[in-house]
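K.L.:
Need a 3D model of the following:
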Amino acid sequence: MKIFITIAMVAGLFATQATASAQDEETLAAGKRAYNKCRACHTLTDTDKPRPGPHLENIFGRGSASVDGFKYSQALKDANLVWDEATLDTWLQSPRKFLPGNRMTFVGIRNENERKALLAYLKANTSTN
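P.N.:
Below you'll find the predicted structure:
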C-alpha cells in the first residue's frame, strides 16, 4: 500500500510540474506578444541596435534614468525610482499618469494579465546575472 501511495504521489508531482511548465511557457509566449508593443522603442539587451528608448537589459533592480548616454526627461531623472515588478506594473498601466512630464509616448497596457505576462517575459529575457 505504501508503494502505491508513493508512486501515485510521484506521478501527481510530475503532472503538477508539467502543468506548471506548460503555464509558464504560455505566459512567456503571451509576454513575447505583449513585448511587440515595446520593441519599436526598446531592446532587450544593451548590445542590440539602439532604438528611441533605453535598452531594458537588467531593468529589474536598475534605477530610473540610469542608462548611460540616453537623454531622459527631467521628470524621470528626478523620480529616483528603482524598477521592480510592482513599479514596472504600475508604470506599464499608464506611463503618463504614473509620472507626468516623462517623454514616453506609450499609452499603456490596461489588461493586468497582459502586463503580468510582459513582466514575466522581461524577467526571463533581460537579466544577464
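K.L.:
Now do the contacts for the most centrally placed residue in the chain.
P.N.:
With distances taken as C-alpha atoms, centre = their mean, Leu119 lies nearest the centre of the chain, 2.4 Å away. Leu119 is in contact with Gly31, Glu85, Leu88, Asp89, Leu92, counting by C-beta atoms under 8 Å, 6 or more residues apart in numbering. Yep, even glycine has a C-beta here, placed from its N, CA and C like the rest.
K.L.:
Which entries within these meet the buried criterion?
P.N.:
Gly31, Leu88, Asp89, Leu92 (16 or more other C-beta atoms under 10 Å).
K.L.:
Isn't the last one up against Val107?
P.N.:
No. Between Leu92 and Val107 there is no contact, the gap being 10.5 Å when judged by C-beta atoms under 8 Å.
K.L.:
Which stretches in the protein count as helices?
P.N.:
Taking DSSP state H, the helices of the chain run over residues 2-35, 74-79, 85-93, 95-98, 112-126.
K.L.:
could you give the angle of the last one to helix 85-93?
P.N.:
On the basis of axes from the mean of the first three to the mean of the last three C-alpha atoms, to 10 degrees, helix 112-126 is oriented at 120 degrees to helix 85-93.
K.L.:
What distance do you get for the residue lying closest to Asp89 once chain neighbours are set aside to Gln23?
P.N.:
Distances taken as C-beta to C-beta, 6 or more residues apart in numbering put Arg115 closest to Asp89, at 5.6 Å, once the chain neighbours are dropped. Arg115 sits 17 Å away from Gln23 when distances are taken as C-beta to C-beta, to the nearest Å.
K.L.:
Between these two, which has more neighbouring residues?
P.N.:
Arg115 (21 against 10; other C-beta atoms under 10 Å).
K.L.:
who's in contact with that one?
P.N.:
Taking C-beta under 8 Å, 6+ apart as the criterion, Arg115 is in contact with Ala34, Asp89, Leu92, Gln93, Ile109.
K.L.:
can I get those in TSV with distance to Lys77 and pLDDT?
P.N.:
Below are the contacts of Arg115 laid out as TSV (distance: C-beta to C-beta, whole Å; pLDDT from 0 to 100):
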residue	distance to Lys77	pLDDT
Ala34	27	98
Asp89	22	98
Leu92	20	98
Gln93	22	98
Ile109	24	98
